[in-house]
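> using only what follows, build the 3D model:
(chains A, B, C and D)
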Number of protein chains: 2
Amino acid sequence: MQTHDKTRQRLNPDDRRRMIVEGAVSYFAEVGLGGSTRDLAHRIGITQPLLFKYFATKADLAEAVFESVYLDRLDPSWPTLLCDRAKPVRERLTAFYHAYSDAIFTYEWMRIFMFAGLAGERLNRRYLDHVRDMLLKPAQNEILWEANAAEGAGPDMEDMFNLHGGIVYLGIRRFIYQLPVPADTGPVIDRAIDRFLLHWGVGITRR
Amino acid sequence: MQTHDKTRQRLNPDDRRRMIVEGAVSYFAEVGLGGSTRDLAHRIGITQPLLFKYFATKADLAEAVFESVYLDRLDPSWPTLLCDRAKPVRERLTAFYHAYSDAIFTYEWMRIFMFAGLAGERLNRRYLDHVRDMLLKPAQNEILWEANAAEGAGPDMEDMFNLHGGIVYLGIRRFIYQLPVPADTGPVIDRAIDRFLLHWGVGITRR
DNA sequence: AGAATAAATGATCATTCGATAAATAGCAAC
DNA sequence: GTTGCTATTTATCGAATGATCATTTATTCT
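Model prediction:
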């Protein structure tokens, strides 16, 4: 008995849709949104017209890719973590940036986020506004509180973005420029946070 | 008497070529290398086939764009500046990063560099290797020298990249994500350098 | 087992793309 | 002013693109 090596497989629409989005995330992360629907379909293992049964236009598919990548990227518990004064702010910042870099240091996220930024996607700005308001601002506030609050000395928002950028740049070097970075970025991040806090006398080990 | 509003103008090849590359830099910085040769030609004010009289293929044009953008971006005097021990390292680093950010914080450079990175361009990695070897390494060395060299305490290369990334991130926010950043990035950069050096006791004002 | 439903495919359309070739016209030399 | 050279344009090609539609076939229901 012989059968087709590649029999037509009929999935339920939800599964198929997931499969398409997943494949599109991977494909567009590599080649950008300029990639063709035919190449994409071939990589997924389906025919090109099937894409248009699930997404009316290529732009709709791209939007689904963005949503999929942005979805659940920011853990809602992070602001709480950052503001938990039971722990020293140094520990909180370190824990946060470890979790944050674990979340965003992926090939797909880094590259699609950058492609989206270059394309002028609105989601991008909304995401970074969220980072500023929900993460950097609380962090700034906590640092200020633990520093000499009386003197009003502490980082401004640009200082916060500088810390943030220095850390994010690790992911940019690795996934955008495809340059080698340490396998474990944890210590690099820790030292960046230490330097940052030291400037306002925060996190100095007293005993 | 009436004449053509747009008479065909015949330039000498060098000028025309310059005009094309200049237009291509501007155009591709906006839309990426996926932009069409017709749109580009229209923006330059020439016909599309003329592009192919000056560049055999679109890829050749792209290469000329890269060369044009990368050319003379790195001032060969910067390593010398960084190693001039007549001045304190803090002053040298500050002067360098002011000059460097002046050189690269442009719409065209930032975006084309990012597009090139995502496209896997070789020039990109070569450029960053150059930054590491000719700029960051000397800077690291100078910091080490001015710090307590005896203790062997100083930044490693990842620390240097962290400083670098925090500063470059200003340009990324502005030109890639198109978010507002301070009109004068000088003070932000200065503070980042101060924090960095403080960690190794460099740049503390003694009197 | 046979009919109904709809997931998936094959064939194809209209555009747009990079690229080519023939025709036109601006400019210098005489 | 005529001629020769070549920068530039007009017209067009074949391939690739996003998208459509009729047909086929896997699965479910009875």
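
> mind pulling up the phi and psi values for residue A:75?
phi -70, psi 120 (degrees, to the nearest 10).

> and it, how many neighbours?
Per other CB atoms under 10 Å in any protein chain shown, the neighbour tally for residue A:75 reads 14. Glycine gets a C-beta too; all of them are placed from N, C-alpha and C.

> which residues sit in contact with it?
If a contact means CB atoms under 8 Å, 6 or more residues apart in numbering or on different chains, then residue A:75 has A:99, A:103 as its contacts.

> how far away is it from residue A:165?
Here residue A:75 is placed at a distance of 20 Å from residue A:165 (CB to CB, to the nearest Å).

> with residue A:24 instead?
29 Å.

> compare those two (neighbour count), which wins?
residue A:24 (26 against 22).

> tell me the SS of that one?
Three-state call for residue A:24 (DSSP: H, G, I helix; E, B strand; the rest coil): helix.

> quick one, what contacts it?
Here residue A:24 is in contact with A:40, A:44, A:61-62, A:64-65 (CB under 8 Å, 6+ apart).

> give me that answer again for 10 Å
By CB atoms under 10 Å, 6 or more residues apart in numbering or on different chains, the residues touching residue A:24 are A:33, A:35, A:37, A:40-41, A:43-44, A:51, A:55, A:58, A:61-62, A:64-65, A:68, A:112.

> of these, buried ones?
A:33, A:35, A:37, A:40-41, A:44, A:51, A:55, A:58, A:61-62, A:64-65, A:68, A:112 (16 or more other CB atoms under 10 Å in any protein chain shown).

> hmm, which two among those residues are most spread apart?
A:41 and A:112 (19.0 Å; CB to CB).

> look up how far residue A:68 lies from residue A:24.
Counting by CB to CB, the gap from residue A:24 to residue A:68 is 8 Å.

> so what's in contact with these two at the same time?
Shared contacts of residue A:24 and residue A:68, counting by CB under 10 Å, 6+ apart, come down to residue A:112.

> near residue A:19, how many other residues are there?
Number of residues near residue A:19 (other CB under 10 Å) recorded here: 15.

> in what helix or strand does it lie?
When elements are assigned from DSSP states H and E, residue A:19 belongs to helix A:13-31.

> anything in that helix near DNA strand C?
Yes. With CB under 7 Å from any atom of the strand as the criterion, DNA strand C is reached by helix A:13-31 at A:13, A:16.

> for that helix, buried residues please.
A:16, A:20-21, A:23-29, A:31.

> right, and residue A:198 touches residue B:195 too?
Yes. Here residue A:198 lies in contact with residue B:195, judged by CB atoms under 10 Å, at a distance of 7.5 Å.
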